[in-house]
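J.: got a predicted structure here, sequence first:
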Amino acid sequence: MTNEEIQLLSDTVKVGFPILGTLLGGAIGALSTYFITRLNHKNENAKEALRKRHELILKAAGEIAEFEHLIGTYAFAISNHVQGLEGEIDMEAARQNLISQNQPLRRARMILKILNLKEAERHLEEYLEFTREVIAKGPKLKPERASELAKIVTRGPVLFYESLAPELSANDS
C-alpha cells in the first residue's frame with residue numbers, strides 16, 4: 001500500500017466513524033424518545049381512567065346518600081305513624097317525595113353495573129330489601145317492625161359504603 005492509500009484509508013476512518021456514531025446515536029435517541037413517550041402516554045391514560053372511575057364511584061355513593069335521605073325520612077314518618085307518635089314529618093309528603101325522586105337510586109345502580117362492582121351491588125340490594133318492606137307495607141307495619149326497620153333504614157347502607165372504600169384507595173399507586 002502506498003502512502004496515499006494509507007492516508008485515504010486513515011481519513012475515511014477519521015471521518016466515517018464520527019458520522020456513523022452520530023447517525024447511530026440519533027437513531028438510538030429517536031427510538032428511546034418514542035418508547036418513553038409511548039409509556040408516558042399509557043400511564044396518563046391509565047391515570048385518567050382511574051380518575052374517572054373514582055368520580056363515578058363517588059357519584060354512585062352520592063346518589064345512594066340522596067336516596068337514603070328520602071327513604072329514611074319516609075321510614076321515620078311510618079314508624080311515628082304506626083306507633084301513634086306525633087311527628088313533624090308528613091308521611092304522605094315523604095311517600096310522594098320518595099316516589100317522584102327515586103332516580104338517584106337508578107343512576108347509582110347503573111354506575112355499579114357499569115363498573116362491575118358486584119360486592120357493592122350485593123350490599124346495596126341487602127339494604128334495599130329493608131326499604132322495599134317499608135315501601136310495600138308502609139302504614140300497615142306493626143309498630144315493633146316499623147321501629148326496627150326505621151333504625152336499619154335511617155342508619156343507611158353502611159356495608160355498601162364500606163365496600164366502595166377499597167375501590168378508592170387500592171388503585172391509587
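T.: Thanks, I have it. Numbers count the residues shown, from 1 in each chain.
J.: so which elements touch the helix or strand that contains Lys14?
T.: For Lys14, the element it lies in under DSSP states H and E is helix 3-82. Helix 3-82 sits against helix 91-100, helix 103-114, helix 118-137, helix 143-155, helix 158-169, with contacts defined as 3 or more CB pairs under 8 Å, 6 or more residues apart in numbering; DSSP states H and E. All C-beta atoms are positioned from the backbone trio N, CA, C, and that covers glycine.
J.: what is the orientation angle of the shortest one with helix 103-114?
T.: Taking axes from the mean of the first three to the mean of the last three CA atoms, to 10 degrees, helix 91-100 and helix 103-114 form an angle of 40 degrees between their directions.
J.: check the gap between Leu24 and Ala30 for me.
T.: 11 Å (CB to CB, to the nearest Å).
J.: then Tyr127?
T.: In terms of CB to CB, Tyr127 sits 57 Å off from Ala30.
J.: okay, these two: which has more neighbours?
T.: Tyr127 (21 against 10; other CB atoms under 10 Å).
J.: residues contacting the more buried one?
T.: Shown in contact with Tyr127 (CB atoms under 8 Å, 6 or more residues apart in numbering): Val153, Gly156, Pro157, Leu159, Phe160.
J.: output these as JSON lines; include the columns pLDDT.
T.: Output for the contacts of Tyr127, formatted as JSON lines (pLDDT from 0 to 100):
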{"residue": "Val153", "pLDDT": "92"}
{"residue": "Gly156", "pLDDT": "90"}
{"residue": "Pro157", "pLDDT": "94"}
{"residue": "Leu159", "pLDDT": "94"}
{"residue": "Phe160", "pLDDT": "95"}
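J.: and these, which of them are buried?
T.: Among the contacts of Tyr127, the ones that count as buried by 16 or more other CB atoms under 10 Å are Val153, Gly156, Pro157, Phe160.
J.: contacts only, for the residue most central in space within the chain.
T.: When the chain is reduced to its mean C-alpha position, the closest residue under CA atoms, centre = their mean turns out to be Ile57, at 2.5 Å. Applying CB under 8 Å, 6+ apart to Ile57 gives the contacts Ile111, Leu115, Leu117, Leu164, Glu167, Leu168.
J.: so where's this structure uncertain?
T.: Scanning the chain for pLDDT under 70 picks out the ranges 170-173.
J.: repeat the analysis, applying 80 as the threshold.
T.: 1, 5-17, 19-20, 86-88, 170-173 (pLDDT under 80).
J.: since we're on Ala94, how many residues are nearby?
T.: Neighbours of Ala94 under the rule other CB under 10 Å: 20.
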